[in-house]
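[1] Here is a sequence together with a model predicted from it:
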Amino acid sequence: MKLSIKLFATIRLDTGLKLVDVNIDKPINIVEMLQTVSDIIDYDLIDKLTDNNTIIPGVIILLDGENIHHLDKLDTLITKNTTISIFPAVAGG
Amino acid sequence: MAYMGKILRVNLSDKSIKKEEFPKELAKKYLGGRGLASKILFDEVDPKVDPLAPENKLIFATGPLTLTNAPTGGRYMVITKGPLTGGIASSNSGGFFGAKFKATGYDMIIFEGKSEKPTYLFIDDKTVELRDASHVWGKGTEDTTDILTADSGHKRANVACIGPAGENLSNFAAIINEKTRAAGRTGVGAVMGSKNLKAVVVASGKFKTPLDNPEAFKAAVKANNVALKENGVTGEGLPALGTKVLDNIINSIGAYPTRNFQESQFEDVDEVSGEALVEKGYLTKNVACYACPIACGRKTALPDGAEGEGPEYEVGWSYGASCGVNDLISITRAGFMCNNLGFDAISAGATIATAMELYEKGIIKKEELGVGPELKFGSSEAIIYYTKLMANREGIGDKMADGAYRLAESYGHAEYAMTVKKQEIPAYDPRVVQGQGLAYATNNRGGDHTRAYMISPEVLGIPEKLDSQQNEGKAGWVKAFQELTAIIDAAGLCIFTSFALGGPDYLAMITNATGFDWDEAEMMKTGERIWNLEREFNLRAGIDPSQDTLPDRLLNEKIKSGPGKGNVNRLDTMLPEYYQLRGWDEKGIPTDEKLKELDII
């Protein structure tokens, strides 16, 4: 399975990376996905986005546009080719 | 306490200037700013008056926390009957003007009548006088600010003024202070223009805001500043990327209105996003308003040397995705132009987007454009050209200066205007963010997001994450947000504080500043009173509840693609509950019982 992980806002500015592609051979949950990406980009996404195994208020993680808050949160399983968008707690307009 | 205790009443017809006692008892019911000024408008102005007639009044109002070190304590509001919606208009602005005006010793200015010739009001610690403005009439807000600052003899004078858009009575003209901060929405600049009032200049004020309990106030401010600094939005995101961090978020969930809401995702968002503004090197530094620890303002410079502020998220969208334009330089330049010409940049860009759809559908004919570029989606040339044309009311710009609704209606196609109560809807598609749709539909100033920013819970998850696609329970959230926002506006603060602060945090600052014996329920009741008073003004102005709706496109045309595919806004499932929670009758009219309970009648 191919995961296209889009990085935004301060994560993008800090790392200079917009997009990370990851191939996985079995379903993984959000925490495992974040750990995998963190290792690749050398940037601690777990610390940036979670606190005590919960999503920090304001953090947005979308699977094909759908917020994981309305799926199984950090336990959501990724089981197919997916575009994942990751935003730290940053927004306001 | 927390008030200067004086109001200026300036009659532009007979040039009289009166200094009146501040209505302290009314302040306990309406707090200040938007609340108190709306009450004065309600009492003194016939809601059926022509907004651009001398009988209308224009009120500049500060709140009790303006000119304090409460975080963002520097804001002022302009309240009047507005020409765009025909209802109550009130626009909030930051920068420094509000605080510097209050420092001259007044809480509020009420402008009445109409000056025979262009004039401006000058205020310093010794003088309040009307002066001739003939030499700046016709000039942009940048030159006007520079010239009137030089004329004042005070290098650090603060100027709030209109540009050509206000002089030419565009229905979406803004009032601009310090060249880049706008009391933007609902056409308050046109009312100023109708009175031949070019500017208000304030200088050398030495007063400070008296506080009821300075020590307790200081402690509350300190705690709230810590909360703002530690919050991911106000402490990190807004300082780093400004409001434009939203482009990618809103686009990713499929709620980023594109080409006049015909689509909900913009294929070139990466070219115009907040991240792009940084990566392309146009952002030069952050700027903060008075007493603001957030500093979301963007100082920008373009490759040709042009400098200014912005674009903010809304401007970047209205001239960007809304017009299908992916050229960040032109979008930024259009934002600079709106500041200098004195336009509300949301309505200006959205009106051009409406004109583009009318043109592409063959409703606006090529002959009507004269020598102008074609009004095609994606044309960066068009957004610049027609912005200028609207400000001068030249050619088709004359019709466009009346706003998207009246433009589309003049061709018999009002359905292409993405407006509520004739004001252009901002940058969130309510087919995906359902509660925001209810907030638009019930907003006392029409299509606008800042009276109940439902994006916060529905998209950002602050204070908790709601499912944006669901309707259940949204009415209660919208009502609560409308009331808390009314309090923030009336206090003289910026709504961005609400990403990190809640009711008790505001209450601590307000009560320790004013000495009011309020609990949180009384504070929220005050917000409810302000909301109902505005509603009552609008009803008396002839805006009936049938206008609590959204454009047909958003209610009946399904989103074609993206995460929101197949969605419409289901307003009909939320509006009855909203009326019920408000204590209004089923038709949306506040009951006598409710108005008496709130002491409005």
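    Cool, the structure landed. Numbering: from 1, shown residues only, chains lettered A, B, ... in the order given.
[2] Alongside chain B, which residues does chain A contribute?
    A:6, A:8-10, A:12-13, A:18, A:55-60, A:62, A:64-67, A:69-70, A:85, A:87-93 (CB under 8 Å from any CB of the partner chain). C-beta here means a position set from N, CA and C on the backbone, and glycine is covered the same way.
[3] Please work out which residue of the stretch 501-601 of chain B is closest to chain A.
    B:P563 (2.8 Å; CB to the nearest CB).
[4] a helix runs through that residue, doesn't it?
    No. B:P563 is assigned coil when assessed by DSSP: H, G, I helix; E, B strand; the rest coil, not a helix.
[5] What residues does residue 25 make contact with?
    Using chain A here. By CB atoms under 8 Å, 6 or more residues apart in numbering or on different chains, the contact list for A:D25 reads A:M1.
[6] returning to that earlier point: drop anything exposed from the residues of chain A next to chain B.
    Among the residues of chain A next to chain B, those that count as buried by neighbour count (16 or more other CB atoms under 10 Å in any protein chain shown) are A:6, A:8-10, A:12-13, A:55, A:57-60, A:62, A:65-67, A:69, A:85, A:87-93.
[7] where's the nearest residue to B:G87 once chain neighbours are set aside, which helix or strand?
    Leaving aside its sequence neighbours, B:G87 sits nearest to B:N538 (CB to CB, 6 or more residues apart in numbering or on different chains; 4.0 Å). Using DSSP states H and E, B:N538 maps to helix B:520-541.
[8] Just list what that helix packs against, helices and strands only.
    helix B:24-30, helix B:33-44, strand B:88-93, helix B:474-491, helix B:503-514, helix B:592-597 (3 or more CB pairs under 8 Å, 6 or more residues apart in numbering or on different chains; DSSP states H and E).
[9] mean confidence for it?
    Confidence over helix B:520-541, taken as the mean pLDDT, stands at 98.
[10] quick one: which of the helices and strands packed on helix B:520-541 is nearest chain A?
    Ranking the helices and strands packed on helix B:520-541 by proximity to chain A (CB to the nearest CB) places helix B:474-491 first, at 13.8 Å.
[11] Most proximal residue of the stretch 1-150 of chain B with respect to chain A?
    Nearest to chain A in the stretch 1-150 of chain B, going by CB to the nearest CB, is B:T72, at a distance of 12.7 Å.
[12] State the distance from the residue lying closest to that residue once chain neighbours are set aside to chain A.
    Closest residue in space to B:T72, ignoring its immediate chain neighbours: B:C494 at 3.8 Å, by CB to CB, 6+ apart. Remark: distance between B:C494 and chain A (CB to the nearest CB, to the nearest Å) = 11 Å.
[13] returning to what we had before: please work out how many residues are found near the residue of the stretch 1-150 of chain B closest to chain A.
    Applying other CB atoms under 10 Å in any protein chain shown, we find 26 residues neighbouring B:T72.
[14] For chain A, which segments count as helices?
    For chain A, the helices defined by DSSP state H cover A:9-15, A:30-41, A:45-49.
[15] buried ones in the longest one?
    Just to be clear, that refers to helix A:30-41. A:I30, A:V31, A:M33, A:L34, A:T36, A:V37, A:S38, A:I41.
[16] From the contact counts, what lies against it?
    Judged by 3+ CB pairs under 8 Å, 6+ apart, the packing partners of helix A:30-41 are strand A:2-7, strand A:19-23, helix A:45-49.
[17] could the ones you listed go into a markdown table alongside mean pLDDT?
    Shown next, in a markdown table, are the helices and strands packed on helix A:30-41 (pLDDT from 0 to 100):
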| stretch | mean pLDDT |
| --- | --- |
| strand A:2-7 | 97 |
| strand A:19-23 | 96 |
| helix A:45-49 | 95 |
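[18] could I get the ones you listed as TSV with distance to B:T526?
    Formatted as TSV, those follow (distance: least, CB to CB, whole Å):
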stretch	distance to B:T526
strand A:2-7	43
strand A:19-23	49
helix A:45-49	38
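[19] Select, out of those, the one closest to B:A203.
    Judged by CB to CB, the one of the helices and strands packed on helix A:30-41 that comes nearest to B:A203 is helix A:45-49, at 46.3 Å.
[20] ok now that closest one, how far from the chain's centre?
    With CA atoms, centre = their mean, to the nearest Å as the basis, helix A:45-49 stands 9 Å off its chain's centre.
[21] Give me the residues contacting that helix.
    Counting by CB under 8 Å, 6+ apart, A:I11, A:V31, A:L34, A:Q35, A:V37, A:S38, A:I55, A:I56, A:V59, A:I61, A:I86, A:P88 sit against helix A:45-49.
[22] can you do 7 Å?
    For helix A:45-49, contacts defined as CB atoms under 7 Å, 6 or more residues apart in numbering or on different chains pick out A:I11, A:V31, A:L34, A:Q35, A:V37, A:S38, A:I55, A:I56, A:V59, A:P88.
[23] What ranges in chain A fall below the confidence cut-off?
    Residues of chain A meeting the criterion pLDDT under 70: A:91-93.
[24] Tell me how chain B divides into domains.
    B:6-202, B:255-423, B:430-499+B:517-597 (automatic domain parsing).
[25] The shortest one: how far from the chain's middle?
    So the one you mean is domain B:430-499+B:517-597. Distance, centroid of domain B:430-499+B:517-597 to centroid of chain: 16 Å (CA atoms, centre = their mean).
[26] Between its first and last residues, how far does it reach?
    Length of domain B:430-499+B:517-597, first residue to last, CA to CA, to the nearest Å: 33 Å.
[27] The first one too?
    Across domain B:6-202, the straight-line distance between its terminal residues is 16 Å, by CA to CA.
[28] Now for the residue in chain A positioned nearest to chain B: which residues touch it?
    Among all residues of chain A, A:V90 sits closest to chain B, at 2.3 Å; criterion: CB to the nearest CB. Counting by CB under 7 Å, 6+ apart, A:V90 touches A:A9, A:T10, B:G232, B:V233, B:E236, B:G237, B:L241, B:V245.
[29] Among the buried ones among the residues of chain A next to chain B, which lie within strands?
    A:K6, A:I55, A:I60, A:L62, A:E66, A:N67, A:S85, A:F87 (DSSP state E).
[30] list the contacts for the residue most central in space within chain A?
    Geometric centre of chain A, nearest residue: A:I86, 4.6 Å, by CA atoms, centre = their mean. Contact analysis of A:I86 by CB under 7 Å, 6+ apart lists A:I5, A:K6, A:L7, A:F8, A:I11, A:I61.
[31] switch the cut-off to 6 Å
    Residues near A:I86 by CB atoms under 6 Å, 6 or more residues apart in numbering or on different chains: A:L7, A:I61.
[32] got it, and B:D585?
    By CB under 6 Å, 6+ apart, the contact set of B:D585 is B:T591.
[33] what is B:A160 paired to in the beta sheet?
    B:N177, B:V200 (DSSP bridges).
[34] Could you count how many residues lie near it?
    Neighbours around B:A160, by other CB under 10 Å: 29.
[35] Does it touch B:V202 like I think?
    No. Judged on CB atoms under 6 Å, B:A160 makes no contact with B:V202 at a distance of 8.2 Å.
[36] Which single residue in chain B comes nearest to chain A?
    Closest contact between chain B and chain A, by CB to the nearest CB, is at B:G237 (2.3 Å).
[37] Surely that residue is in contact with B:V245?
    Yes. The pair B:G237 / B:V245 is scored as a contact, 5.5 Å apart, by CB under 6 Å.
[38] got the buried residues for stretch B:142-152?
    B:E142, B:T144, B:T145, B:I147, B:L148, B:T149, B:D151, B:S152.
[39] where does the fifth one fall, helix, sheet strand or coil?
    Spelled out, it's B:L148. helix.
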